[in-house]
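Q: Fold the following.
(one chain, ligands or ions: 1)
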Amino acid sequence: MEMRAKEDIDMGHDVTPPIPPLAFSLSDSFLRSHCSACFLPLNPRIPPFLPIDPSIVHPFPATSTSSSSSPSVLYCSPECSKADSDRHMSSGEHHLFLILQSEFTTWQGDTSDLRASLRLLLCFEKLGLLPRQNDLLPNISCRIGGLISNREKLIGADEFDETFSRILEGGRLMSLARRWRDGDFAVEEEKGDTLLEEIVLCQVITNSIEVQVNEGRPLGIAVYGPSFSWINHSCSPNACYRFSCHGSGTTQCSSVESRFRIVASGEVTRTWACEESKLDNGLCGYGPRIIVRSIKAIKKGEEVCVTYTDLLQPKDMRHSELWETYRFICKCSRCSVFPQTYVDCVLLGHVALKGNATITFNVTDSFSNHGFIEEETCKDSAHCLGEAIDEYLSIGDPETSCQKLENILSECLQDDRLKPQERPSSNLQPLHHLSLNAYIILASAYKIRAINLLAIHSEVDYKLEAFNMHRTSTAYSLLLAGAVHHLFVPETSLIVPAANFWISVGESLLSLSRSLTWNLTVEQGKPHSNLISLSSYGCGRCSLMDKLEANLICPKANSILGQDAFNEISKKFLDCISMILPEVWPSLISGHNYLKDICDPVDFRWLRTEAFSSEHSQLHVDCTDVGSSCIDGKGCVSCACEAGRCTNRERTTLFQLGSHCLLYGGYLSTICYGCCSLLTSYSKNLLYNAEKCS
Ligand SMILES: C[S@@+](CC[C@H](N)C(=O)[O-])C[C@H]1O[C@@H](n2cnc3c(N)ncnc32)[C@H](O)[C@@H]1O
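A: Residues are numbered from 1 along each chain as shown. Okay, the predicted model is just below:
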């Protein structure tokens, strides 16, 4: 099955109303911090509420919840407890917790898929959709509730496979929990088949998605009816989704789409006997609802796809992840093109350096016709960088990790300057997917180091050192946003990470420009500028600021949505920040081994090979046009100093660059998530709080 557009749909439009879940569950690690009914954080000042069931003595009384290490579900309010308790008890979830504490299993790891499966089974039970056990065997690949299970593919033939044993053990535990729920506590003898439980567990593995409330960390998983679950994957998707949670304090956006603009297509199997509308009403009147939104213009009849994986990974990694979880090989437009797309080549580091005067790069035998370096060449450094990233993620020492990562990155950049015949067999381009991961880590590690330093020391020298770390962190955020933007231009489905990274660097730039440490650095005799606000420092170069600001302030101003507006705005944004950057980039990167070799964090044309050069040349202004002149060609507003000379000016320029990034990131986030999403509001708040503070 698949979903197709019922009509022409422009980019940045909801294509479904909010769809309620059939089943959902928090990850184990959030059971004590978040409400299991609305997924919102528990108030630490109010004791949480427990499931209500007078007939069962609960093993975790409210008073001991904070000290107990045993998992259970908790609620933020009596209303949430009332809404969800019955589902918790009658699905067998409560009994599963008891079994997991007993000696009847050695289950390792998270239990959210088991708990969601029990809840999904209950949903099917209540809707009368469950086939009888005897009917299952001859029809093992049947759909229940319209949802594919993929059990045969997931279980495969290898009994030593981890997925195989997890499904078998999961099915057994679910079956046991359901029997305990029914008062049958006999555990020794295996009773009946666990096929039904295995099928439903496979349905959850195949159809569930991670719930990211407020576009933050995944809190748990949810399963939706066919209107969402029939949407297939593409590595160049034309849609994305967001969640809306109804809890106390959550306001519903006024511009909610009320109808489905997508429709099911494909052969509906014989066993699919439930009306879609019946399921889409779901059984949960609460929990995270999902809304699908177009991120590209979609033609009537075109298939609507979302991504099931991280699109900033190269093709092989995406494929192995998709195979691991879903057992299919993606043949979407991005994956099936030969040779691979420019973006996939860049993510693998398979693109020749070009255009830098120090580099003469002939297309030799080691290159394919399209100028890609052979795969082996970047293996060594990639391996080292991968290890350093893993080390940071597991041990997490920011200082050592910064050193290690930067050493590896700068060695690779030095290698790139050599002639091909002089190069060692290692080569990691600045836009390699591992380099992107390294920038994420470096931006965060430098920030943490600055915070740690200020927490321990208050002397001026330490403040200045922390300030410089903040600068470096901002530089890495900028490099990351610029690098992802370079990939986003030819592959617009990367809009979601692009929105996040632009907002993140905007936040960092604004916070840097507002830092009190400027008071320690400002030159003697020059007045200190406090007038950092949008209104005082509007951009003299582009009219974008007003346009994008209007978009953030007035959600209905969707005149700037649509493909043409998007192209124009993206081009103007890049042109304008390319003018601003030369004023601040040198100070952000000063003294850094790796960063000092990156001459421009948003212009990566030097990566391009002949094969791609014409394809992606529209968006950048020519580097040689960008001098070190001021953004608007005038002197500093506050102290009338010479252009580009004083710290006040640098500070103002950082602010201006930050507000451009935030407004553009907010604009992209409006396309992906709508005007009421948290990410959009977040960028708005950052801008206006900055005004208040200044
Ligand atoms: C959430 S379901 C999507 C709807 C599914 N096609 C159906 O008929 O119910 C996920 C499953 O659909 C199939 N699928 C999704 N995207 C695919 C793709 N791009 N190529 C091949 N199979 C895909 C895989 O079997 C996957 O496990």
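
Q: hey, let's count contacts and neighbours off CA atoms from now on
A: Will do.

Q: Nearest to the ligand: which residue in the stretch 351-500 of the chain?
A: Ranked by C-alpha to the nearest ligand atom, the top residue of the stretch 351-500 of the chain for proximity to the ligand is Ser493, at 15.0 Å.

Q: Mind pulling up the pLDDT for that residue?
A: At Ser493 the predicted local confidence, pLDDT, stands at 96.

Q: Count the neighbours of it for me.
A: With neighbours defined by other C-alpha atoms under 10 Å, the count for Ser493 comes to 24.

Q: again with Phe338
A: As a measure of burial, Phe338 has 7 neighbours, counting by other C-alpha under 10 Å.

Q: Where does it sit: helix, strand or coil?
A: For Phe338, the secondary-structure state derived from DSSP: H, G, I helix; E, B strand; the rest coil is coil.

Q: need the contact list for Tyr326.
A: The contact partners of Tyr326, taken as C-alpha atoms under 8 Å, 6 or more residues apart in numbering, are 150, 154, 205-206.

Q: nearest to the ligand, of those?
A: Thr206 (5.1 Å).

Q: tell me which element that closest one falls in.
A: Following DSSP states H and E, the helix or strand that holds Thr206 is helix 195-207.

Q: quick one: the residue nearest to the spatial centre of the chain and Leu464, what's the gap?
A: Here the mean C-alpha position of the chain is nearest to the C-alpha of Pro497 (C-alpha atoms, centre = their mean), at a distance of 6.1 Å. Using C-alpha to C-alpha, to the nearest Å, Pro497 is found at 32 Å from Leu464.

Q: distance of whichever residue of the stretch 301-450 of the chain sits closest to the ligand from Ser333?
A: With distances taken as C-alpha to the nearest ligand atom, the stretch 301-450 of the chain approaches the ligand most closely at Tyr326, which sits 4.1 Å away. According to C-alpha to C-alpha, Tyr326 stands 19 Å off from Ser333.

Q: Can I get stretch 311-323 as PDB, trimmed to CA atoms?
A: Backbone C-alpha positions of stretch 311-323 (Å, rounded to 0.1, in the frame of the first residue of the first chain) are rendered in PDB as follows:
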ATOM      1  CA  LEU A 311      19.100  11.500   5.300                       C
ATOM      2  CA  LEU A 312      22.600  13.000   6.000                       C
ATOM      3  CA  GLN A 313      24.000   9.500   5.900                       C
ATOM      4  CA  PRO A 314      25.500   8.100   2.700                       C
ATOM      5  CA  LYS A 315      23.600   5.600   0.600                       C
ATOM      6  CA  ASP A 316      25.200   2.400   2.000                       C
ATOM      7  CA  MET A 317      24.500   3.500   5.600                       C
ATOM      8  CA  ARG A 318      20.900   4.400   4.800                       C
ATOM      9  CA  HIS A 319      20.400   1.100   3.100                       C
ATOM     10  CA  SER A 320      21.900  -1.000   5.900                       C
ATOM     11  CA  GLU A 321      19.700   0.800   8.500                       C
ATOM     12  CA  LEU A 322      16.600   0.300   6.400                       C
ATOM     13  CA  TRP A 323      17.400  -3.300   5.800                       C
END
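
Q: Could you tell me which residues of this protein lie near the ligand?
A: With C-alpha under 6 Å from any ligand atom as the criterion, the chain meets the ligand at residues 1-2, 147-148, 206-207, 229-234, 326, 328, 330.

Q: can you do 5 Å?
A: By C-alpha under 5 Å from any ligand atom, the residues of the chain that approach the ligand are 1, 148, 207, 229-230, 232-233, 326, 330.

Q: would CSV of the residues you listed with secondary structure and pLDDT be doable?
A: Shown next, in CSV, are the residues of the chain next to the ligand (DSSP: H, G, I helix; E, B strand; the rest coil; pLDDT from 0 to 100):
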residue, secondary structure, pLDDT
Met1, coil, 89
Ile148, coil, 92
Asn207, helix, 97
Ser229, helix, 95
Trp230, coil, 94
Asn232, strand, 97
His233, strand, 98
Tyr326, helix, 93
Cys330, coil, 96
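
Q: could you dump the residues you listed to a markdown table with distance to Leu31?
A: Output for those, formatted as a markdown table (distance: C-alpha to C-alpha, whole Å):
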| residue | distance to Leu31 |
| --- | --- |
| Met1 | 34 |
| Ile148 | 28 |
| Asn207 | 22 |
| Ser229 | 25 |
| Trp230 | 29 |
| Asn232 | 30 |
| His233 | 30 |
| Tyr326 | 27 |
| Cys330 | 35 |
